[in-house]
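Engineer: A predicted structure for the sequence below; I have some questions about it.
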Amino acid sequence: MDKDKAAILQGTLDLLVLKTVETMGPLHGWAIAKRIEQISQDLLEMKYGTLYPALMRLEQSGWISSEWGTSENNRRARFYSITRQGRKQLALEAKGWEQMAAFITRVLGSTR
Amino acid sequence: MATFRSLASRFFALLRRRQWDGRVDEELEFHIGMEIEENIRLGMTARDARAAAHRKLGNTTQAREDVYHMNTILFLEETARNFRLSFRTLRKNPGFALTAVLVLALGLGASTAMFSALDRILFRPLPYGDADRLVNVGIAIPAFGAPDQSQVILVSRGYQERWKPAPEPFTAVTTIENVGSTCDITEQQPERLRCATVESNFLETLGVRLSLGRDFTPEDNVRGSPPVAIISHDVWARRFGADPGAIGKAIDLNGKAVPVIGVLPAGFAMPVGKADILQPYSFDPPESRNLSFLTAFGRLRSGVTAEQAEAAITPIIKEDAKGLPAIVARANPQPRVVPLRDYLFPDAARVAWLLLGAVTGLLLIACVNVANLILARLAARNREFAVRAALGSGRARLARLALTESLLLAVAGGGLGLLFAAALLRVFVQLAPSSIPEIDQASLDLRVFAVAAVLALIAGTAVGIWPALSVLRNRALQYGTRVTAAARPRMRFTLVTVQIALTMTLLAGSALLLRTLWNLAAVPLGYQSERVVTMTVALNGLLYPSGSRNPFFDRLLERIREIPGTAAATMTSDVFPAGTSTTVL
């Protein structure tokens, strides 16, 4: 049970991160967290601790890359940007989500 | 997910795990720093800001562990750790480890050696094409031997009319006239060889392909045709230095130059007797009253059983039997078709299975013994396991640990067993009676090694499975109470029972065998066989015509009597109980 929930969450988080990095350009971890918080507007309650394993997993998959840089307040930070493979993956996952959403909307509409 | 790429990437990540672990620390630290700064900017006190940042970040240990798990292959890691741990524990208990390894080595070694010896008889394909369809065919004459071992023959008179072309359900029938007779090479290096005379389709029917030269042709069986010979691979290598130009060259056989037309493949063996040289025999002309006996082999159509073939040839055999001398004909001759493997190894197969069974029993006893040892030790280690369980080891994991230990023992035992097997096999070959076919060719080969490895693994699992089960079933671990050795008396009792039962069976079996051997050895020969040495002397009939043989032997005896330590010497054409020419010292 827990596993299923985690898997869904994981997929969602990956998608959010990829989309964020794609639209906002190179960002460090904290900025990504803030951006997701801002967009979700409390719809999504998230512990930020889970963000970092996700970032590393995405990097290991080759969908994002990272390099050292300096943050706006002069701290050393790792900046993440999307790779070409990552864009492809994002497009793929986004399409999947849209189809899923459309499907669920239809199901809910027909039973109502 | 479990694609090769993802596995490979995980493997590389495993190598760089420390780096990733460091990175997650850096990132979490950076995140906290940024969050605190922001919180302070929003007006919190430094303390509140820190607390809020941590709260929002959640469980950082969880994050670290996530990254750790992401970058490891859990199973591999655990297995490696289990092996290291098992190795350490075994090294700390050298007495136990040594005993277990030795017991397993003995069991595995005996089974491997036995398998090597029996491999040829039971499992190795015969050196013929499609050998399952080959049969020995002919008339069984009970008076010629024991009922189930009576000689199977065909009579030469009328053989061609009745058996050519091959009757249904045979696709081919071939005969050997004479096997095991000696013939002498009378060149510079004289040599006594075994020659066989066969029908021209002999090799073709057996499905044997010559490694060089041509096969016999039907004309070779015609009386008066020029002599030809096909030589064995050994003779070819020995006398011609494996020269392909040997074909067409002549060898002097019994004083006659015979051209070599072909070379048999290496590893060829006659279905009956042994032969170094094959020559065609001459068919009797139809009007001949000559009667000789042939050993016949046939190839059945596929799917036909020996029984069906036997029924089908009954009329032909009846006709054949009319050619037998009256005294034999009265002895109730019967048609007989015997699958070649049964013909070659009549009792060997039964004995071999028996021995294999005995050795498997031995291996089982070894396994049970070691299982018992491990179990006894496990009882002593219960506390250790309880602690491991308390620290969070799942029961499955504990069982895997126990299994790893026994596998390690089995692998060590298997390695040692292989050495033991090699030594044992050498002893076997020395001791084995020559009646066991082709025992001298038995050797430890790669396939036998594979069998040993499989045996070791099976033994390891078998030995490990009970202790592992006992760990799994152990309720005490679950409840965390103190464990005593009394927790599993029943399983150990079962083990001991199995052990005793097996031992008794083996003991009874070997006692019976010993008794038989004893009886055989104790049969009085009627003379004192101590300090008697025998030797065989063969004279070339060409160089020693009948008049010159006795003077030769007289001279030989005189010379032997002159050898110091010789009490007496004599000569005979046969020795008890099996006959060969000899001198007796």
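Structural biologist: Received the coordinates, thanks.
Engineer: next one: the residue of chain A found nearest chain B from B:Leu416, what distance?
Structural biologist: Of all residues in chain A, A:Lys47 sits closest to chain B, at 2.8 Å by C-beta to the nearest C-beta. Backbone N, C-alpha and C define where each C-beta goes, glycine included. Look at A:Lys47 and B:Leu416: by C-beta to C-beta, to the nearest Å, they are 55 Å apart.
Engineer: do the same with B:Phe493
Structural biologist: Counting by C-beta to C-beta, the gap from B:Phe493 to B:Leu416 is 30 Å.
Engineer: local confidence estimate at the residue lying closest to the residue of chain A closest to chain B once chain neighbours are set aside?
Structural biologist: Computed as C-beta to C-beta, 6 or more residues apart in numbering or on different chains, the closest residue to A:Lys47 that is not its neighbour in sequence is B:Gly58, at 2.8 Å. Per-residue pLDDT puts B:Gly58 at 78.
Engineer: and A:Lys88, by the same measure?
Structural biologist: Reported pLDDT for A:Lys88: 91.
Engineer: hang on, it is in a strand, isn't it?
Structural biologist: No - secondary structure of A:Lys88 (DSSP: H, G, I helix; E, B strand; the rest coil): helix, not part of a strand.
Engineer: and the residue positioned nearest the centre of chain B, what helix or strand is that in?
Structural biologist: Chain B has B:Asp119 as the residue nearest its centroid, 2.3 Å off, counting by C-alpha atoms, centre = their mean. Using DSSP states H and E, B:Asp119 maps to helix B:94-122.
Engineer: buried ones in that helix?
Structural biologist: For helix B:94-122, burial by neighbour count (16 or more other C-beta atoms under 10 Å in any protein chain shown) applies to B:96-97, B:100-121.
Engineer: pick out whichever of B:Phe493 and B:Leu416 has more residues nearby.
Structural biologist: Applying other C-beta atoms under 10 Å in any protein chain shown to B:Phe493 and B:Leu416 shows that B:Leu416 carries more neighbours, namely 17 against 10.
Engineer: for that one, grab phi and psi.
Structural biologist: For B:Leu416, the backbone dihedrals (degrees, to the nearest 10) come out as phi -60, psi -40.
Engineer: ok, the closest residue to it other than its chain neighbours to B:Ser406 distance?
Structural biologist: Of all residues not flanking B:Leu416 in the chain, B:Ala105 sits nearest, at 3.8 Å (C-beta to C-beta, 6+ apart). Per C-beta to C-beta, B:Ala105 is found 14 Å from B:Ser406.
Engineer: then B:Ala389?
Structural biologist: 20 Å.
Engineer: then B:Ile374?
Structural biologist: Separation of B:Ile374 from B:Ser406 (C-beta to C-beta): 6 Å.
Engineer: return the set of buried residues in whatever helix or strand B:Pro315 lives in.
Structural biologist: Using DSSP H and E, B:Pro315 sits within helix B:306-321. Using 16+ other C-beta under 10 Å as the test for burial, helix B:306-321 gives B:Ala306, B:Ala309, B:Glu310, B:Ala312, B:Ile313, B:Ile317, B:Asp320, B:Ala321.
Engineer: end-to-end on stretch A:14-32?
Structural biologist: Length of stretch A:14-32, first residue to last, C-alpha to C-alpha, to the nearest Å: 12 Å.
Engineer: buried residues of that stretch, list them for me.
Structural biologist: Within stretch A:14-32, the residues scored as buried using 16+ other C-beta under 10 Å are A:14-22, A:26-32.
Engineer: and the contacts of that stretch?
Structural biologist: Residues outside stretch A:14-32 that contact it (C-beta atoms under 8 Å, 6 or more residues apart in numbering or on different chains): A:35-36, A:39-40, A:51-52, A:54-55, A:57-58, A:63-64, A:67, A:69, A:71, A:77-82, A:86-87, A:89-90, A:93-94, A:97, B:27, B:30-31, B:34-35.
Engineer: same thing with stretch B:499-516?
Structural biologist: The contact list for stretch B:499-516, computed with C-beta under 8 Å, 6+ apart, reads B:Leu354, B:Ala358, B:Gly361, B:Leu362, B:Leu364, B:Ile365, B:Val368, B:Asn369, B:Asn372.
Engineer: next, count neighbours for the residue of the stretch 351-500 of chain B found nearest chain A.
Structural biologist: In the stretch 351-500 of chain B, no residue comes nearer to chain A than B:Gly394, which is 16.5 Å away by C-beta to the nearest C-beta. By other C-beta under 10 Å, the residues close to B:Gly394 number 10.
Engineer: if I look at it, how far off is B:Arg400?
Structural biologist: Noted for B:Gly394: a distance of 9 Å to B:Arg400, by C-beta to C-beta.
Engineer: tell me the contacts of the closest residue to chain A within chain B?
Structural biologist: Distances between chain B and chain A by C-beta to the nearest C-beta are smallest at B:Gly58, namely 2.8 Å. By C-beta under 8 Å, 6+ apart, the residues touching B:Gly58 are A:Lys47, A:Tyr48, A:Gly49, A:Thr50.
Engineer: is it true that the last one touches B:Asp66?
Structural biologist: Yes - A:Thr50 sits in contact with B:Asp66 when judged by C-beta atoms under 8 Å, with a separation of 7.4 Å.
Engineer: count of residues packed around B:Val533?
Structural biologist: B:Val533, neighbours per other C-beta under 10 Å, totals 10.
Engineer: before we move on, what about B:Val451?
Structural biologist: Using other C-beta under 10 Å, B:Val451 is surrounded by 18 other residues.
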